[in-house]
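**Student:** Okay, sequence plus prediction incoming.
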Amino acid sequence: MASSALAGGSGSGNGSNAGAAAAVAKDGKETINVQLTRQPGESYGLRLRTEVGQGTRVLDLVPGTVAAKDGQLHSGDNVTHVNGVAVAHKTHEEIIALLVSSNTVSVTVERPATASGSAAGSAAAAAA
C-alpha cells in the first residue's frame, strides 16, 4: 500500500533555509540535513510517498514553494528523519504530522552520493 500527500499547508512564499549539512557514508549514500522555514499558512511544498517496506521518498517538489526554492531536496530522496525523529517505522500520516507541526522543519534524507552533490552540500553548509 502506498500513500502520497503534500506536506505543509497551502500556498507559496518566501521561506528561508537555515542551513544544510551533507556527509557521504561508506555505503556510497549521501546524507543531507535541510532546515526549511515557511510563513504561517505557507506550504513547504514536499510531495511524499510512503510504501510499506520501502520507506518514505520525496515524490516531487511543488514549484515556487519553500522546498523548491531551497533546491537541496530532490525527487527520489529517501526521508530518514523529520525534526530529529526517525521515520522508518512511522505511518504516512505520522510523518505529515511531524512536518506540519511548526513553521520550521528539519528534514534528513539519503540519496546515492555523487561528486557534485557532495560538493554542493559542503558548500551550502560552509555558507550557512
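**Tutor:** Everything's here; your move.

**Student:** Pull up the gap between residue 42 and residue 78, please.
**Tutor:** Distance, residue 42 to residue 78, using CB to CB, to the nearest Å: 25 Å. Every residue, glycine included, has its C-beta placed from N, CA and C.

**Student:** what pLDDT, on average, does the one helix or strand residue 35 maps to get?
**Tutor:** Using DSSP states H and E, residue 35 sits within strand 29-37. Taken as a whole, strand 29-37 carries a mean pLDDT of 95.

**Student:** List the neighbouring strands of it plus their orientation.
**Tutor:** Paired strands of strand 29-37, with direction, are strand 16-24 (antiparallel), strand 104-112 (antiparallel) (DSSP bridges).

**Student:** mean pLDDT lowest for which of those?
**Tutor:** strand 16-24 (a mean of 52).

**Student:** Any stretches of this protein with poor pLDDT?
**Tutor:** The chain contains residues with pLDDT under 70 at 1-26, 115-128.

**Student:** residue boundaries of the strands in it?
**Tutor:** Secondary structure of the chain by DSSP state E: the strands cover 2-7, 16-24, 29-37, 46-51, 55-61, 78-82, 85-86, 104-112.

**Student:** export those to CSV and tack on mean neighbour count?
**Tutor:** Listed next are the strands of the chain as CSV, based on neighbours: other CB atoms under 10 Å:
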stretch, mean neighbour count
strand 2-7, 16
strand 16-24, 17
strand 29-37, 20
strand 46-51, 20
strand 55-61, 19
strand 78-82, 20
strand 85-86, 12
strand 104-112, 19
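
**Student:** Report the backbone C-alpha coordinates of the strand holding residue 35 in PDB.
**Tutor:** Presented in PDB, the C-alpha positions along strand 29-37 are these (Å, rounded to 0.1, in the frame of the first residue of the first chain):
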ATOM      1  CA  LYS A  29      25.000   7.200   0.200                       C
ATOM      2  CA  GLU A  30      24.900  10.900   0.900                       C
ATOM      3  CA  THR A  31      23.000  12.100   4.000                       C
ATOM      4  CA  ILE A  32      21.700  15.600   3.900                       C
ATOM      5  CA  ASN A  33      20.000  17.600   6.600                       C
ATOM      6  CA  VAL A  34      17.900  20.500   5.400                       C
ATOM      7  CA  GLN A  35      16.300  23.200   7.500                       C
ATOM      8  CA  LEU A  36      13.300  24.800   5.900                       C
ATOM      9  CA  THR A  37      11.300  27.800   7.300                       C
END
